[in-house]
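Visitor: give me coordinates for this.
(one chain, ligands or ions: 2)
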Amino acid sequence: MKLSFLGAARTVTGSFFLIDTESSRFAVDCGMFQGPRALQERNFNDFPIGAETIDFVILTHAHIDHIGMVPKLCKHGFKGKVYCSHATEDLAGVLLPDSGHIQEFEIDRKNRKNKRAGKPLLEPIYTADDAVQCLDQFRSLNMDEIIELAPGVKIRLRNAGHILGACIVELWVQEKEEQFKLVFTGDLGTQDQPIIKNPTIIENADYVIMESTYGSRLHPETSSRKEELKKVIDRAMSKGGNLIIPAFAVERTQDLLYDLYQLNDEGQLNPEIEIYIDSPLAIAATRIFQKHVDLYDDDARKILEDDNSHPLMLDQLKFSHTHLESMALNCKLGNMIIISASGMCEAGRIKHHLKNNIWRPEATVLFVGYQAKGTLGRKILDGDKLVTIHGEKIAVNADIVNIESYSAHADQQGLLDWLRHFKSDLRGVFLVHGEEESQDILGELIQSEFNIPVYIPELGDEFVLEEMKSTPRIHHLMDIRKDQANRAEKAYLDLLLKLHDIYRDNIKDSNYVEILRTVEKIQKSLE
Ligand SMILES: [Zn+2]
Ligand SMILES: [Zn+2]
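Guide: Residues are numbered from 1 along each chain as shown. Ligands and ions are numbered 1, 2, ... in the order given. Down below sits the predicted model:
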């Protein structure tokens, strides 16, 4: 059984993991690279394996960095089924066509330039139509049921507590020789995620493939999240400007609505303040949230049942559906909260709201989500005083505020706590979905606390699990590999691993010394 890392390796985005068993080949997630241009360029590359060779795909959740390349996979000949939770299928139904629109829009813009420069025209990665077509291949599954997807391959989707419908994937692969159980965390949520249930505790696995977005960071106390939001609103409104909140259309927007509902319910929100959801996607996602009440946690259900009202609906909430309605908001100043997407300010209506507000000292921009390296959101958050929006340089004079506790990702402590529930049969952890520093720090902590190997794969790395089983020294070798990643050293380490296998298979007192000498000789010749 082979596990290959085709994305989210030494970086957060582009989750794409391939599993080859004796009888099938399948992927967990098929996401888009996001953030800096160099990463985004990868989305235009050919897949490293033929799309038609994949039998099926399992999706952890509906974020574009986990599902965004499914339409391309289908376009390139993937004919299998795409398995995911019911809510993930619903969300993908709006997010993927939207992503197709964005691809078409971006390429149109580039092609206008290319035409003028006499350069060849580009093709979008996929179109909105491609995305709609690929949805036919989706088959949603119930949570918490063990389901056989192929001979010898079973999965169970568990709550990941990250966004609506997000799953941890438990995967059992039975091969002739032995059985492996892998657990893919997908993106793991916090214990206090509003609306949805907490991540499921899992106790057994051979290997865990774990996200590490906040592997080096601790979130501030979450109990104060709502109070912090209230303080930001009060201050922003007292300055007389607008409060602009870039928020992911899925989950973060609804988390904000949930907290705003509660502030309002407690009489802590001035009813004069107008709240706008200005993102067609966020509006569609909010509808999907309203449908899947079975995924709500006890607190959210209590509001539904006791108050006989919906925890995502306030009287002062307005939806701006059309572009005209969105542009009309530019004419108003003050007493207004605009929640808009995209969450990292890379696309969508948030850009014109920032352009219209961020140069005003009376305005406030509130970040409530992760801002990847290289994005407009990260630049603003990092304190850039001048940013480019729609090709124009805009001064940053607004108050820039960040509430970190809205994170939909477990922090360092959350990740370690979740891992602590595993029994001692855990053989190793692969860290994915994190920037290098996060992964290195979390990796060290896991190694020292759990005394198990931690692997931090580079893009394209492959691991044959049967071979890892009886090579305890791989842990140490991988450690060296992590620090010295150049090709020559990789070849050297591969050779050492091979020698280790020869040594293990041939060890007898009589030839022990001879083998050791040969190893030393080879080592010297390579130094
Ligand atoms: Zn996610
Ligand atoms: Zn993710």
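Visitor: quick one: low-confidence parts of the stretch 351-500 of the chain?
Guide: 469-494, 498-500 (pLDDT under 70).
Visitor: in three-state terms, label the nearest residue to Phe33 once chain neighbours are set aside for me.
Guide: Leaving aside its sequence neighbours, Phe33 sits nearest to Gly14 (C-beta to C-beta, 6 or more residues apart in numbering; 3.9 Å). Yep, even glycine has a C-beta here, placed from its N, CA and C like the rest. Under DSSP: H, G, I helix; E, B strand; the rest coil, the three-state class of Gly14 is coil.
Visitor: how many other residues sit next to Gly14?
Guide: 27 (other C-beta atoms under 10 Å).
Visitor: assign the residue of the stretch 151-300 of the chain found nearest ligand 2 to helix, strand or coil.
Guide: Ligand 2 sits closest to Asp187 of the stretch 151-300 of the chain, with a gap of 4.4 Å, by C-beta to the ion. Three-state assignment for Asp187 (three-state DSSP): coil.
Visitor: near ligand 1, which residues of the stretch 51-200 of the chain?
Guide: His63, Asp187 (C-beta under 5 Å from the ion).
Visitor: rerun at 8 Å
Guide: For the stretch 51-200 of the chain, the residues in contact with ligand 1 (C-beta under 8 Å from the ion) are Thr60, His61, His63, Asp65, His66, His162, Ile163, Ala166, Gly186, Asp187.
Visitor: cool, and the stretch 401-527 of the chain?
Guide: Residues of the stretch 401-527 of the chain lying near ligand 1 (C-beta under 8 Å from the ion): Ala408, His409.
Visitor: quick one: pLDDT of the residue nearest to Phe33?
Guide: As predicted, Gly14 sits at a pLDDT of 97.
Visitor: so which bits of the lengthiest helix in the chain are buried?
Guide: Ranked by number of residues, the top helix in the chain under DSSP state H is helix 86-116. Of the residues in helix 86-116, 86-100, 102-104, 107, 111 count as buried by neighbour count, 16 or more other C-beta atoms under 10 Å.
Visitor: and the residues of the stretch 51-200 of the chain next to ligand 1, which of them are buried?
Guide: Thr60, His61, His63, Asp65, His66, His162, Ile163, Ala166, Gly186, Asp187.
Visitor: can you verify the fourth one is assigned to a helix?
Guide: Yes. The assignment for Asp65 by three-state DSSP puts it in a helix.
Visitor: so what's it up against?
Guide: By C-beta atoms under 8 Å, 6 or more residues apart in numbering, Asp65 lies in contact with Ala8, Val12, Thr13, Gly14, Ser15, Gly31, Met32, Phe33, Gln34.
Visitor: near ligand 1, from these?
Guide: Among the contacts of Asp65, ligand 1 is touched by none when using C-beta under 8 Å from the ion.
Visitor: any chance of those residues in CSV with distance to Ala236 as columns?
Guide: As requested, the contacts of Asp65 are arranged in CSV below (distance: C-beta to C-beta, whole Å):
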residue, distance to Ala236
Ala8, 35
Val12, 29
Thr13, 31
Gly14, 35
Ser15, 35
Gly31, 34
Met32, 33
Phe33, 34
Gln34, 28
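Visitor: specify which member of these is nearest to Ile288.
Guide: Closest to Ile288 out of those is Gly31 (19.5 Å), distances taken as C-beta to C-beta.
Visitor: ok so, going back, who wins on neighbours among the contacts of Asp65?
Guide: Counting neighbours by other C-beta under 10 Å, Ser15 comes out on top of the contacts of Asp65 with 33 neighbours.
Visitor: list the contacts of that one.
Guide: Per C-beta under 8 Å, 6+ apart, neighbours of Ser15: Gly7, Ala8, Val28, Asp29, Cys30, Gly31, Thr60, Asp65, His66, Gly186, Val432, His433.
Visitor: which among those gets closest to ligand 2?
Guide: Among the contacts of Ser15, and counting by C-beta to the ion, the member closest to ligand 2 is Asp65, at 4.5 Å.
Visitor: how far away is the closest one from Phe33?
Guide: Spatial separation of Asp65 from Phe33 under the definition C-beta to C-beta, to the nearest Å is 7 Å.
Visitor: domain ranges for the protein?
Guide: 2-217+408-483, 222-406, 487-526 (automatic domain parsing).
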